[in-house]
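> show me how the following folds:
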Amino acid sequence: MARRARPDGGGASGGGQDGARAGRAALLDLLADLFLRELDPPLARTLAADPALAEALQPPGDEEGVRALRAEYARLILLEAPPYASLFLEAPPVIGGETARHWETALAASGIPALPLERASSSDHAGLCLRALAYAERRGAPGPILAEALRWLPQYLTALERADPGGFYGRVAQLAAYALGESARQAAAPVAEPAGAEPPEIPPPEDDRLRTLARWLCAPLWSGWYLTPGALRALARSLGSAPGRTDRAALLEQVFEASGLDNRTGELLDALLATLSEWDAAAREWGDQLGAWGGALTPWRASLTQTRALLTAMRDEARAGASDSGGERER
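Numbers count the residues shown, from 1 in each chain. Below you'll find the model as predicted:
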């Protein structure tokens, strides 16, 4: 994961601390626009005209490229990695539910007026979170909103960057990560680590263990990562399976079932553990970037650790089973 583009222009202005705050707020507002709506030719020209932003985002230079990015926006932001806090902080998620109400309460407590939804379907949209942080930066008090943003945006931006490596929206995710890091470096350090550092326990079994496992692994609140539909389909193809287009947990359940039919469950678990290692590396990189605010990532790291223990135990069990089966065949 590349960290991090540094747009030393990008709307920054002179004037000491006030100018720096204005520059951070302008960048956050720009990022909010990019998350809330598709790129259009005027905005593409604005990005291209700023040397720092042009280098960081590499916007398309013609209308055909802009049209292609509008399709990418629909694929990535609407389908692959929807930018709602509820997907990361609730299990099962309810967009517009408890997480959105908590966010609205946090805004009110910080003295930030209710933000218009613009094109978001719920207030817990990443674009509106960045918009609120821009507002807080201009007031010189970003700490409370930053604390709320760090509960889930690092995971979301990691998921988006992984879904579009080297692409425009992958670079938008990198730039948003940079902007959060800049706010964290300038904001007063939190007085304590957030409550609830331990991840929730694995939920009780439903109809069968496999369904529970798939539900666990597809809930970032429990697992610490976000497996996009595209990543799951790629995993299925690597194992010679072609599951249908269903929700993520059902898709992962089908992948596990297919791997069992071909005695490739160990291979599947190795692939999942390799992906988890990449998420671990991203979490460590985020921690380095956030400095004193790194404690906000404690729940995320704890969830990743718990998922590693779960998958490692399953892999060891699968290997032991394969070894036993081999011995039986020899006898």
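
> run through the stretch 201-331 of the chain and note the low-pLDDT ranges.
Along the stretch 201-331 of the chain, segments meeting pLDDT under 70 span 201-208, 245, 322-331.

> so where do the helices sit in it?
Taking DSSP state H, counting those that start in this stretch as the criterion, the stretch 201-331 of the chain contains helices spanning 209-217, 220-223, 229-238, 248-261, 265-290, 298-330.

> out of the ones you listed, which comes closest to Glu72?
Smallest distance to Glu72 across the helices of the stretch 201-331 of the chain (C-beta to C-beta): 12.1 Å, for helix 229-238. Glycine gets a C-beta too; all of them are placed from N, C-alpha and C.

> other SSEs contacting that closest one?
helix 153-163, helix 248-261, helix 265-290 (3 or more C-beta pairs under 8 Å, 6 or more residues apart in numbering; DSSP states H and E).

> following element in sequence after the first one, please.
Taking DSSP states H and E as the definition, the helix or strand that follows helix 153-163 towards the C-terminus is helix 168-186.

> just give me how far that following helix sits from the chain centre.
12 Å (C-alpha atoms, centre = their mean, to the nearest Å).

> for that helix, C-alpha coordinates in CSV please.
The C-alpha coordinates for helix 168-186 follow below in CSV (Å, rounded to 0.1, in the frame of the first residue of the first chain):
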residue,chain,number,x,y,z
PHE,A,168,-8.1,7.1,-9.9
TYR,A,169,-10.2,6.1,-6.9
GLY,A,170,-7.3,4.2,-5.4
ARG,A,171,-5.4,7.4,-5.6
VAL,A,172,-8.4,9.3,-4.1
ALA,A,173,-8.2,6.9,-1.2
GLN,A,174,-4.5,7.5,-0.8
LEU,A,175,-5.1,11.3,-0.8
ALA,A,176,-7.9,11.0,1.8
ALA,A,177,-5.5,8.9,4.0
TYR,A,178,-2.9,11.6,3.7
ALA,A,179,-5.5,14.3,4.6
LEU,A,180,-6.6,12.3,7.7
GLY,A,181,-2.9,12.0,8.7
GLU,A,182,-2.4,15.7,8.3
SER,A,183,-5.4,16.5,10.5
ALA,A,184,-4.1,14.0,13.1
ARG,A,185,-0.6,15.5,13.1
GLN,A,186,-2.1,18.9,13.8
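
> now do Ala91 against Ala302, distance only.
Distance, Ala91 to Ala302, by C-beta to C-beta, to the nearest Å: 15 Å.

> on that earlier part again, single out the most deeply packed of the helices of the stretch 201-331 of the chain.
Neighbour counts (mean count of other C-beta atoms under 10 Å) averaged over each of the helices of the stretch 201-331 of the chain peak at helix 220-223, with a mean of 22.

> contacts only, for Ser241.
By C-beta atoms under 8 Å, 6 or more residues apart in numbering, the contact set of Ser241 is 254-255, 258-259.
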